[in-house]
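Undergrad: here is a sequence together with a model predicted from it:
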Amino acid sequence: MRQAVRQAINKKNLIKTAWSGYGLEIGSFVPPTDPWYEDLSTLYPYDVNKSKALLKSAGYANGLTFNLDLPPIAYATNSGEFIAASLAKVGIKVNLKPIAWGEWIDRVFTKKDYDMTIVCHIESNDMAIYANPAYYFGYNSTTYQGLIKKAASAKTQEARVENLKKAARLLADDSVSDWLWLIPNLQVAKKTISGIPLNTVGDAYTVDRITVG
């Protein structure tokens, strides 16, 4: 079912529609700046016929209906109509449900009462959240949990990278989520300014290395 949903959405066109073409397909929960990144965007490519076949094999040849909860932020609201139209082509009806952040935190995040939702995860190196079955994803894989533990206790960087790469691929194989795109850190500055931090790794903005002239 989850794979069918993933293969029904054309990510390239979604990025153009929802984010003016700025963004990167990644296929799992790892950005290219991490050493354990692997481009998994082609693992389950856009394929309407394959999506329909997967739905049929899962017992949903006549279609089904989902609610898609959209928090009040542009990447979510901009994506809703596109995703609904995409899934309609394979027989999935999507009811778009714009909701306030308070409701999202209470019902979706805390109570895990939702069908589908869209939210951006901005914390760095946060693959461990998928190892927590109580988290709102509801993913409970002992294999994944074991890989995260091995990575955390690894004696070498090579071992850490190897285990996290395996963990990222497992997330993709299991289609735990659909990672729509990696939102870029867009900044505009004069040519005379240098030292601007290229990647966002938290809420702070480091300015001690910025120079002018």
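TA: On my side now, so go ahead.

Undergrad: can I get stretch 18-30 in PDB? Just the C-alpha atoms.
TA: Provided in PDB are the C-alpha atoms of stretch 18-30 (Å, rounded to 0.1, in the frame of the first residue of the first chain):
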ATOM      1  CA  ALA A  18       4.800  23.200  -4.800                       C
ATOM      2  CA  TRP A  19       8.300  24.700  -4.400                       C
ATOM      3  CA  SER A  20       9.000  26.400  -7.800                       C
ATOM      4  CA  GLY A  21      11.500  23.600  -8.700                       C
ATOM      5  CA  TYR A  22      13.800  24.200  -5.700                       C
ATOM      6  CA  GLY A  23      14.400  20.900  -4.000                       C
ATOM      7  CA  LEU A  24      16.000  17.500  -4.400                       C
ATOM      8  CA  GLU A  25      14.600  14.000  -4.600                       C
ATOM      9  CA  ILE A  26      16.300  11.900  -2.000                       C
ATOM     10  CA  GLY A  27      14.300   8.700  -1.500                       C
ATOM     11  CA  SER A  28      15.000   8.200   2.200                       C
ATOM     12  CA  PHE A  29      15.600  10.200   5.400                       C
ATOM     13  CA  VAL A  30      19.200  11.300   4.700                       C
END
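
Undergrad: identify the residues contacting the residue positioned nearest the centre of the chain.
TA: For the chain, the residue sitting closest to the mean C-alpha position, by Cα atoms, centre = their mean, is W179 at 2.7 Å. Residues in contact with W179 (Cβ atoms under 8 Å, 6 or more residues apart in numbering) are 26-29. (Each C-beta comes from the backbone N, C-alpha and C, glycine too.)

Undergrad: apply 10 Å and report the result again.
TA: For W179, the contact set (Cβ atoms under 10 Å, 6 or more residues apart in numbering) comprises 6, 11, 25-30, 40-41, 121, 171-172.

Undergrad: what about the spatially closest residue to S175 that is not a sequence neighbour, neighbour count?
TA: Of all residues not flanking S175 in the chain, R2 sits nearest, at 3.8 Å (Cβ to Cβ, 6 or more residues apart in numbering). Residues lying near R2 (other Cβ atoms under 10 Å) number 14.

Undergrad: ok, now how distant is R2 from A168?
TA: Distance check for R2 against A168: by Cβ to Cβ, to the nearest Å, it reads 16 Å.

Undergrad: same deal with Q157?
TA: Applying Cβ to Cβ, the value for Q157 to A168 is 16 Å.
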